[in-house]
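Asker: Fold the following, please.
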Amino acid sequence: MPLTIRNGWLDDARHCLSPHFNARPNEEVSLLVIHNISLPAGRFGLPFIDQLFQGCLDVTADESFQELQGLEVSAHFLIRRDGELVQYVSCDDRAWHAGVSEFDGRSGCNDFAVGIELEGTDSVDYSDLQYAKLIALTKELMARYPDITLDRITGHSDIAPGRKTDPGESFDWQRFKGAL
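Answerer: Okay, the predicted model is just below:
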């Protein structure tokens, strides 16, 4: 089933607005970055990712959250293990997902990238539902933002080498890109 983005927002997503975004320095959207996240690490289906991206994470809920105190971070999308799509920031705005990053000689990837988080870890296989939603979402992003091409889809580990490892060895790039 095709997905539709209107004015930067995906019709078929649950909208969970994040305050952690700002305007892009220009209107360019030309890169797609794939990430993974789980809070706490390796645990799925909990409300903590939404809370982190909304800036209301109770850092006392798990001792591992102490390091997240005051962190202002977001992504455009999250795809949960059950295939649920959540959108936090309009694709037309700059989400804060890539951090210190570089792609094709350009730094500051947040300026021109859309960030998609997959609920998961580097070493746990992603679900079939996640791949199906990721493929459908990517096709819509490529149609809506034609500067996102196959060679401009990358992992967080590729734009922040040595600092980030996601989406990890468990992500099947051949399966994903082959379906596009």
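
Asker: ok, Asn36 - contacts?
Answerer: 117-122, 156, 166-168, 171 (CB atoms under 8 Å, 6 or more residues apart in numbering). In short, each C-beta sits where N, CA and C put it, glycine included.

Asker: out of those residues, which one sits closest to Glu84?
Answerer: Glu119 (8.9 Å; CB to CB).

Asker: what's the closest non-adjacent residue to Pro19?
Answerer: Leaving aside its sequence neighbours, Pro19 sits nearest to Gly55 (CB to CB, 6 or more residues apart in numbering; 5.4 Å).

Asker: Tell me, how many residues neighbour the one you found?
Answerer: Look at Gly55: counted by other CB atoms under 10 Å, it has 14 neighbours.

Asker: Run a quick check on it versus Ser18, I expect a contact.
Answerer: Yes. Using CB atoms under 8 Å, Gly55 is in contact with Ser18, at 7.1 Å.

Asker: quick revisit: among the contacts of Asn36, the buried ones, what's the PyMOL command?
Answerer: The PyMOL selection below is limited to those of those classed as buried (16 or more other CB atoms under 10 Å):
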select buried, resi 117+118+119+120+121+156+166+167+168+171
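
Asker: residue closest to the middle of this protein?
Answerer: Nearest residue to the geometric centre of the chain (CA atoms, centre = their mean): Ile116, 2.0 Å.

Asker: Am I right that that residue is in a strand?
Answerer: Yes. When DSSP: H, G, I helix; E, B strand; the rest coil is applied, Ile116 is found to be in a strand.

Asker: ok, it to Ala160 distance?
Answerer: 15 Å (CB to CB, to the nearest Å).

Asker: same deal with His20?
Answerer: Distance from His20 to Ala160, by CB to CB: 18 Å.

Asker: Which helix or strand contains the most far-flung residue of the chain relative to its centre?
Answerer: Residue farthest from the centre of the chain, counting by CA atoms, centre = their mean, is Thr60 at 25.0 Å. Taking DSSP states H and E as the definition, one finds Thr60 inside no helix or strand.

Asker: now do Val86
Answerer: Val86 belongs to strand 85-87, assigned by DSSP H and E.

Asker: okay, now the nearest residue in space to Gly83 that is not next to it in sequence: neighbour count?
Answerer: Residue nearest to Gly83 in three dimensions, not counting chain neighbours: Leu129, with 3.2 Å by CB to CB, 6+ apart. The tally of other residues near Leu129 (other CB under 10 Å) stands at 14.

Asker: thinking again about what came up before, could you measure from the nearest residue to the residue nearest to the centre of the chain once chain neighbours are set aside over to His97?
Answerer: Excluding the flanking residues, the one nearest Ile116 by CB to CB, 6+ apart is Phe77, at 4.6 Å. Using CB to CB, one obtains 10 Å as the distance from Phe77 to His97.
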